[in-house]
Structure formats: C-alpha cells, structure tokens
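# next come a sequence and a model predicted from it.
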Amino acid sequence: KGLSQPVYGRIMNYRIGIRTQSSRECLIQFKGVDSAAQAGPLMGGKVVWKGENKKLIGKILGFHGNNGVVRVKFKKGVPGQALGTTVELVR
C-alpha cells in the first residue's frame, strides 16, 4: 500500500487465553489484508486508536493465524469501548 493513503483496521478483540485476558494486547484486522504474506510488511508499524478523550499508540508485534490478523501491544490498556472501532496505521 502507498504511504499517501491511510491504512485503517478494526480492533476485533483482546488477546485472550483460557483464564487470562490482556487489555494491552489486541487483535486487529486491517482492511484489504487477508493473508499472513500481506500482513508481513506491516510488522513493526505503529497503530493509533483515537477515543473521545484519549489517544493510544501501539506497535504491531506479530501474526495471529494465517488470515492477516495481527497482534498489537499498546502502551496502556485499551478500554472495552474500543472493541470494534477503527485504528489507523502510522508508519
């Protein structure tokens, strides 16, 4: 994707385990990315979530499966209202 156009994604859920849930790590699906090969160039990129009163910055750490979903670790915990909302990739 070109740098001139913004890349948007959607927060799908927190990263969860059987007994744990991490509000600092989220699973994000970017628009137009549907394989791990397409998500590869996004690794290490910065993601910004803009809420009403706060702005959270996260970093793309790795893949979650083979369908282009990536794991993003934020500096602070993401509120529950953020699930299903849009994030922007800032390179």
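Nice, thanks for sending it over. Treat the numbers as computed from the prediction; the structure is a model and nothing was measured.

# where in the protein is the helix or strand with the lowest mean pLDDT?
helix 36-39 (a mean of 92; mean pLDDT, DSSP states H and E).

# report the buried residues of that helix.
36, 39 (16 or more other CB atoms under 10 Å). Bear in mind the C-beta positions are built from the backbone N, C-alpha and C, glycine included.

# contact partners of it?
Counting by CB atoms under 8 Å, 6 or more residues apart in numbering, helix 36-39 makes contact with 30, 32-33, 63, 65-70, all of which sit outside it.

# who does whichever helix or strand comes after that helix pair up with?
Per DSSP states H and E, the first helix or strand lying C-terminal to helix 36-39 is strand 46-50. Under the criterion DSSP bridges, strand 46-50 sits next to strand 55-63 (antiparallel), strand 86-90 (antiparallel) in its sheet.

# using CSV, list the CA coordinates for strand 46-50.
Extracted C-alpha coordinates of strand 46-50, given in CSV (Å, rounded to 0.1, in the frame of the first residue of the first chain):
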residue,chain,number,x,y,z
LYS,A,46,2.7,1.9,14.8
VAL,A,47,-1.0,1.9,15.3
VAL,A,48,-3.1,4.8,16.7
TRP,A,49,-6.5,4.5,18.3
LYS,A,50,-8.3,7.8,18.9
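
# let me see the contact set for the spatially most central residue of the chain.
In the chain, the centroid-proximal residue (CA atoms, centre = their mean) is I28; its distance is 3.6 Å. I28 sits next to 9-12, 47, 60, 69-72, 87 when contact means CB under 8 Å, 6+ apart.

# between those residues, which is nearest P41?
I60 (10.2 Å; CB to CB).

# can you tell me how far the closest one is from N53?
Distance, I60 to N53, by CB to CB, to the nearest Å: 24 Å.
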